[in-house]
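Chemist: I'd like to go over a predicted model; first the sequence, then the structure.
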Number of protein chains: 2
Amino acid sequence: MTDAPVNPLRSALFTDLYELTMAQAYLDEGLCAPAAFELFFRKLPDCRNYVLAAGLGDVLDYLEHLRFTDDDLDYLRRQELFDDALLAQLKSLRFTGDVDAVPEGTIVFPNEPLVRVVAPMIESQIVETLVLNQVHFQSVVASKAARVVTAAASRIVVDFGSRRAHGTDAALKVARASYLAGAVGTSNVLAGKVYDMPIFGTMAHSFVQVHDHEIDAFAAFAERYPETTLLVDTWDTLDGVRNVIRLSRRLGERFRVQAIRLDSGDMGELARQSRALLDEAGLTEVKIFASGGLDEYEVERLVASGAPTDAFGVGTRMVVSRDAPDLDMAYKLVEYAGTGRRKTSEGKESYPGRKQVFRTIDSGVMVGDVIALADEQLPGQPLLVPVMRGGKRLPAGNATLEQARETARRQIEALPPELRALPRAAAPYRVDISPALRRAAESIAGG
Amino acid sequence: MTDAPVNPLRSALFTDLYELTMAQAYLDEGLCAPAAFELFFRKLPDCRNYVLAAGLGDVLDYLEHLRFTDDDLDYLRRQELFDDALLAQLKSLRFTGDVDAVPEGTIVFPNEPLVRVVAPMIESQIVETLVLNQVHFQSVVASKAARVVTAAASRIVVDFGSRRAHGTDAALKVARASYLAGAVGTSNVLAGKVYDMPIFGTMAHSFVQVHDHEIDAFAAFAERYPETTLLVDTWDTLDGVRNVIRLSRRLGERFRVQAIRLDSGDMGELARQSRALLDEAGLTEVKIFASGGLDEYEVERLVASGAPTDAFGVGTRMVVSRDAPDLDMAYKLVEYAGTGRRKTSEGKESYPGRKQVFRTIDSGVMVGDVIALADEQLPGQPLLVPVMRGGKRLPAGNATLEQARETARRQIEALPPELRALPRAAAPYRVDISPALRRAAESIAGG
């Protein structure tokens, strides 16, 4: 690494090499007409009933700032793959196109476009890598976090996963996407600053370990942070709880510790035993915070078993979305110079033309979507809205994180209960293809 | 996002809040003596026989540049959690400690320290989140990539996964870690620039799609890039191969296309049929490049079946390390003020004291490791070496990517064959705990 690492979210070189060799070939042939690309995923993982869209803000931010620096162009020149005409074009390149997208926090299903980019061929092509990278991961983790929040059944969920997220960008995006999906905040301080979102944290095992006696650690920490959460499992969980009780006797009226945290062992059993000890000592107001190896399945199990856990710190399994760490998401050309385009690769067929999704809501519950051509007028709520025109963000492209969180809350609330639940629903959500779109697809054959 | 997003690799705020509340409590108590923390993982995932260590360079880079900006301190002050004494200390804080670590590209096993940080308590504590974040993910993906390279049995492997890596930092680190593990390069242009590593790329489906006839796309691309790879599966794979053959007849002597790329369908069968068509047409020199949904299992299956695939572009499943997207890795206090420390949490016990790993090699093959106290002198090669002293990098902390790649190559070559193979080895690699370390652990009880 050099002294000042490039922020990849601001680098036009964060792209696959073939985007640039294609740009060269497009220029050679004069293929500079507007092209429409759409971002969608082909199918749901077995362990997902829906996807929660996220990442649009970073995409628009990137498009607004897209430019090749002189240093970038020097690097490209040295590859001996590009001619001066292309390099000159890249030097002055700005994103001048239009973007339509579903707002962050929208529930989406297979083949539904999350984002449509319409711009001169080279512009719309070279942004593929970053657009996919951001929307894919943020949607993966928002979808996972939404399940954790659902499983917690109104108990608090906090993102504790920065240390095992896949790199620093992922850690920040996990913090944001999990908050968007209903978590109450994150342990990551930088995320708190960058996204203006709540941060949480108490103590780690090391703090207890540097003291010869656990109760000394608890006393010192509660002296500075009276309303803190004390971590009780460094040596023996129930002894730790007894030390909290001892501290409460020592401090009397001054004892204001809000919670204990369990981080290992049989969480349900330890929560019950800890609760009993605390209640017996009159500490009925002290909550139990559970962490360590949790995911939506374990959270649901704890909740269903009646374990007295009041809050969950969720890390690794949520932040890597362990049971579904990726989606079969693609950014595909659907129209060039006004004509629909498709591919028919085995198992990877795509629908041509600019599309819109119309969603029908009945008594507050989503009952079915229709994917149609963008110029069709069908019943239901259109999901894609204009967010950028001529390279400039529109108001709808400036939703705040709080607004996106509210969108997600409403959307998840409108899901049919069997789709909101963790198990795979017996029947998938109904998504139809409009007759006009079907005809358009049939009318285009490659060759 | 603000106009100039912070690069989290250069932000002291990329930390969990509890690191800072603990720092406050340490300062309150005057707990400022040197502390030793070690980074290790507790167990191997079922589908891994070893871990390839990576990420050290980013850790050292971060430690060298660690500082809180005025803006960071303003943010912290606004949290109303920290007193002026701590904020003043953070303002002047630099990392002044020592780091010992296994070189990047070293094979490691459970409980073996990958990195040891020794520094005044606050310094060694607050770096936990970034140190774990970088070494964890980079080691996860280097280990996965090593398996893909092994499965490819000397055929070429290229990282194609930037679009589905978990964020931008992950994409860059995947490019680097997979190269370290033996891939020949990446499609990510920024990774090429930042890490001075080879970049690869040809064409995407969109390039074919904008042409009315596939052969026109091939002709245009080969005109600009005569030695290119042509993507043949946009509409029908074997028709695509026939169009390559048609182009070869049209161009005659000027035909220098090096390869075709298959990206969908039954890869083994399509490779065989494509090979037959190419050979029949006299194009025996044209290679077959396979991509699309590959991982080490699929690559091994293709190789074992004798499918005529000469190179592999590996993306999603490798870059998210789908079968093992995380390791149970931790950064634990092992010594404070010269005294060994441990935790005994159920299932998460740790060994106290600064440690070294001694590895025995017999006839070029690794036969066993011993984890010992750092001041023991045991037979075998010590794996941890000094890489930073007093906050300054030592020469061993400046290994280049090429050197790390060579280390990895030699280490993987020295693995017993049953550990290098993809299936779980019948017996794990032998790792003993030295009697002195065992006694040290037994002598320390928490309480």
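Modeler: Now that the structure is in, tell me what you want to look at. Numbering: from 1, shown residues only, chains lettered A, B, ... in the order given.

Chemist: rest of the way, CA atoms for contacts and neighbours
Modeler: Noted.

Chemist: okay, now residue A:326: neighbour count?
Modeler: 25 (other CA atoms under 10 Å in any protein chain shown).

Chemist: what's near enough to touch it?
Modeler: A:136, A:137, A:140, B:164, B:316, B:320 (CA atoms under 8 Å, 6 or more residues apart in numbering or on different chains).

Chemist: helix/strand/coil for it?
Modeler: coil (DSSP: H, G, I helix; E, B strand; the rest coil).

Chemist: kindly report the same for residue A:81.
Modeler: Classification of residue A:81 using three-state DSSP returns coil.

Chemist: and it, how far is that from chain B?
Modeler: For residue A:81, the distance to chain B equals 8 Å [CA to the nearest CA, to the nearest Å].

Chemist: now do the contacts for that residue.
Modeler: residue A:21.

Chemist: just the one 5 residues further on next, same as before
Modeler: Taking CA under 8 Å, 6+ apart, we find residue A:86 in contact with A:23, A:24, A:27.

Chemist: mind doing that once more with 7 Å?
Modeler: Contacts for residue A:86 (CA atoms under 7 Å, 6 or more residues apart in numbering or on different chains) come out as residue A:24.

Chemist: buried ones in the helix or strand containing it, by neighbour count?
Modeler: Residue A:86 belongs to helix A:84-92 when assigned by DSSP states H and E. Using 16 or more other CA atoms under 10 Å in any protein chain shown as the test for burial, helix A:84-92 gives A:86, A:87, A:90.

Chemist: quick check: pLDDT value at residue A:351.
Modeler: pLDDT for residue A:351: 89.

Chemist: show me where the stretch 1-150 of chain A has its helices.
Modeler: A:17-29, A:56-65, A:70-78, A:84-92, A:121-126, A:128-152 (DSSP state H, counting those that start in this stretch).

Chemist: what helices or strands is the first one leaning on?
Modeler: What that stands for is helix A:17-29. helix A:121-126, helix B:214-224 (3 or more CA pairs under 7 Å, 6 or more residues apart in numbering or on different chains; DSSP states H and E).

Chemist: quick one: contacts of that helix?
Modeler: With CA under 7 Å, 6+ apart as the criterion, helix A:17-29 contacts A:32, A:82, A:86, A:122, A:125-126, B:187-189, B:199-204, B:207, B:220-221, B:224.

Chemist: please save the CA atoms from that helix in CSV.
Modeler: Output in CSV follows, covering the C-alpha atoms of helix A:17-29 (Å, rounded to 0.1, in the frame of the first residue of the first chain):
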residue,chain,number,x,y,z
LEU,A,17,-10.6,-4.4,-17.2
TYR,A,18,-13.0,-5.7,-19.9
GLU,A,19,-15.2,-2.6,-19.3
LEU,A,20,-12.4,-0.5,-20.6
THR,A,21,-11.4,-2.8,-23.5
MET,A,22,-15.0,-2.8,-24.5
ALA,A,23,-15.1,0.9,-24.2
GLN,A,24,-12.2,1.0,-26.7
ALA,A,25,-13.9,-1.3,-29.1
TYR,A,26,-17.2,0.7,-28.8
LEU,A,27,-15.3,3.8,-29.6
ASP,A,28,-13.6,2.1,-32.6
GLU,A,29,-17.0,1.2,-34.0
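
Chemist: what ranges do the helices span in the stretch 151-300 of chain A?
Modeler: Along the stretch 151-300 of chain A, counting by DSSP H, counting those that start in this stretch, helices occupy A:167-180, A:189-195, A:205-209, A:214-224, A:237-251, A:267-280, A:296-304.

Chemist: okay if I get the ones you listed as TSV plus mean pLDDT?
Modeler: Shown next, in TSV, are the helices of the stretch 151-300 of chain A (pLDDT from 0 to 100):
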stretch	mean pLDDT
helix A:167-180	98
helix A:189-195	97
helix A:205-209	95
helix A:214-224	97
helix A:237-251	98
helix A:267-280	98
helix A:296-304	98
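
Chemist: which stretch among those is buried most, on average?
Modeler: Comparing those by mean neighbour count (mean count of other CA atoms under 10 Å in any protein chain shown), helix A:167-180 ranks first with a mean of 29.

Chemist: elements contacting that one?
Modeler: Applying 3+ CA pairs under 7 Å, 6+ apart, one finds that helix A:167-180 contacts helix A:128-152, helix A:401-413, helix B:128-152, helix B:167-180.

Chemist: gap between the most centrally placed residue in chain A and chain B?
Modeler: Compute the mean C-alpha point of chain A, and by CA atoms, centre = their mean the closest residue is residue A:138, 2.8 Å away. The gap separating residue A:138 from chain B is 8 Å, by CA to the nearest CA.

Chemist: also residue A:359?
Modeler: Going from residue A:359 to chain B by CA to the nearest CA gives 28 Å.

Chemist: who in the stretch 151-300 of chain A is up against chain B?
Modeler: A:162-170, A:187-190, A:193-195, A:199-204, A:206-207, A:209-210, A:213-214, A:220-221, A:224, A:233-236, A:264-265 (CA under 7 Å from any CA of the partner chain).

Chemist: which stretches of the stretch 301-447 of chain A form helices?
Modeler: A:316-319, A:401-413, A:417-420, A:435-443.

Chemist: could you dump those helices to CSV with distance to residue B:14 and mean neighbour count?
Modeler: Formatted as CSV, the entries for the helices of the stretch 301-447 of chain A read as follows, by distance: least, CA to CA, whole Å; neighbours: other CA atoms under 10 Å in any protein chain shown:
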stretch, distance to residue B:14, mean neighbour count
helix A:316-319, 16, 27
helix A:401-413, 20, 19
helix A:417-420, 33, 16
helix A:435-443, 47, 14
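
Chemist: looking at those, which is closest to chain B?
Modeler: Of all those, it is helix A:316-319 that lies closest to chain B, at 7.2 Å by CA to the nearest CA.

Chemist: what mean pLDDT does that closest one have?
Modeler: Averaging pLDDT residue by residue across helix A:316-319 gives 98.

Chemist: what's it in contact with?
Modeler: Under the criterion CA under 7 Å, 6+ apart, residues A:141, A:144, A:145, A:161, A:164, A:165, A:174, A:293, A:294, A:295 lie in contact with helix A:316-319.
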